[in-house]
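> I need the structure of the sequence given here:
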Amino acid sequence: MRIEDIYSKAKAGIRMKRRLLCVAFFTLHSSLFTLQAQDEPEYRLEVGAAAGTVAYLGDYNGNITKGMQPWGALMAKYRMNPRMSLGLTVGFGKVKGSSDNVKTWYPQAERYEFNKSLIDAGIRFEYNFWAYGTGKEYRGARRLVPFIALGIGMAHHGKPEGGLAMNLPLGAGIKYKAANRLNLTLEWRMHFVPSDNLDGQKDPYGIESSGLFKNTDGFSVLQLALTYDIWAKCKTCHSDRF
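This next block holds a predicted model:
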């Protein structure tokens with residue numbers, strides 16, 4: 001055998017070994033990255049509280065930034081997966097308005113003003129535009145994500161003309177993973193009430209409302225929430241129920 005042939009085979013063997021070493025290195029690196037990316041548990045529940053403002057919107061106030069009142073809430077969320085969750089919220093505050101705030105003329109000659117308590121309880125569905133987390137419990141998760149929320153609730157409003165009112169909250173906001181188990185959420189949402197009695201005056205024009213949300217009242221909420229993760233998911237279980 002010629003020396004050139006021996007030299008060529010040796011070079012080919014060296015190249016093959018290098019390729020095998022590269023493949024082994026990248027495979028090991030990928031495995032270590034995956035293990036590192038999932039070395040923290042996923043948590044199923046969030047519990048916490050929120051503070052912010054609430055504003056009435058209806059016949060005696062057409063501006064959602066006017067007449068804001070203090071608002072507080074308690075909440076719990078069940079994470080279905082890193083992009084979806086179901087929540088339960090109980091909030092409390094006040095809503096107020098006055099005929100002095102509008103330029104519209106109403107058939108009633110007397111000046112009208114109200115200031116009443118508001119307690120709202122509801123369930124909601126949240127959808128994150130990206131997977132939410134630190135990235136260590138779920139590969140590809142992000143600490144900062146936008147989201148939208150839709151739900152149904154029941155609000156109790158005080159006198160005058162107090163009572164219960166169903167409402168449909170629709171909101172959007174951003175979530176930030178402040179720590180491994182701490183979450184900050186900034187959210188604005190609008191609660192659509194299919195009735196015209198939240199302000200204590202039903203159909204002040206004297207014309208009955210028609211349709212589900214035509215000439216009806218509502219209220220908006222702007223809040224900042226702090227929640228804490230509990231109930232770690234079982235790492236060795238293959239079912240999402242645990």
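> pLDDT weak spots in this structure?
Filtered on pLDDT under 70, the chain yields the residue ranges 1-39, 101-109, 203-214, 235-242.
> In contact with the nearest residue to Leu88 once chain neighbours are set aside, which residues?
Distances taken as Cβ to Cβ, 6 or more residues apart in numbering place Ala76 nearest to Leu88, at 5.1 Å, with adjacent residues excluded. C-betas here are computed from N, CA, C, even on glycine. Residues near Ala76 by Cβ atoms under 8 Å, 6 or more residues apart in numbering: Leu45, Glu46, Val47, Gly87, Leu88.
> Checking Asp100 next. Helix, strand or coil?
Classification of Asp100 by DSSP: H, G, I helix; E, B strand; the rest coil places it in helix.
> hang on, it packs against Arg111?
Yes. Asp100 lies in contact with Arg111 (Cβ atoms under 8 Å); the separation is 6.9 Å.
> what's in contact with stretch 92-99?
With Cβ under 8 Å, 6+ apart as the criterion, stretch 92-99 contacts 53-56, 58-61, 67, 69-73, 106, 111-120, 157, 198-199, 219.
> did I read that right, Gln201 in a strand?
No. Assigned with three-state DSSP, Gln201 falls outside any strand and is coil.
> So it versus Ser195, what's the distance?
Distance of Gln201 to Ser195, given as Cβ to Cβ, to the nearest Å: 12 Å.
> neighbour count winner among these two?
A direct count of neighbours by other Cβ atoms under 10 Å for Gln201 and Ser195 places Gln201 higher, at 20 against 17.
> In contact with the more buried one, which residues?
Applying Cβ under 8 Å, 6+ apart to Gln201 gives the contacts Asp59, Tyr60, Tyr112, Phe114, Glu161.
> Save those as a markdown table, and put in neighbour count too.
Listed next are these as a markdown table, based on neighbours: other Cβ atoms under 10 Å:
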| residue | neighbour count |
| --- | --- |
| Asp59 | 23 |
| Tyr60 | 24 |
| Tyr112 | 17 |
| Phe114 | 20 |
| Glu161 | 14 |
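> With respect to Asn180, which of these is nearest?
Closest approach between those and Asn180, by Cβ to Cβ: Phe114, at 45.6 Å.
> Tell me the backbone dihedrals of Gln201, please.
Reported as degrees, to the nearest 10, the phi and psi values for Gln201 are phi -130, psi 110.
> quick one: it and Tyr138, what's the gap?
Distance of Gln201 to Tyr138, given as Cβ to Cβ: 50 Å.
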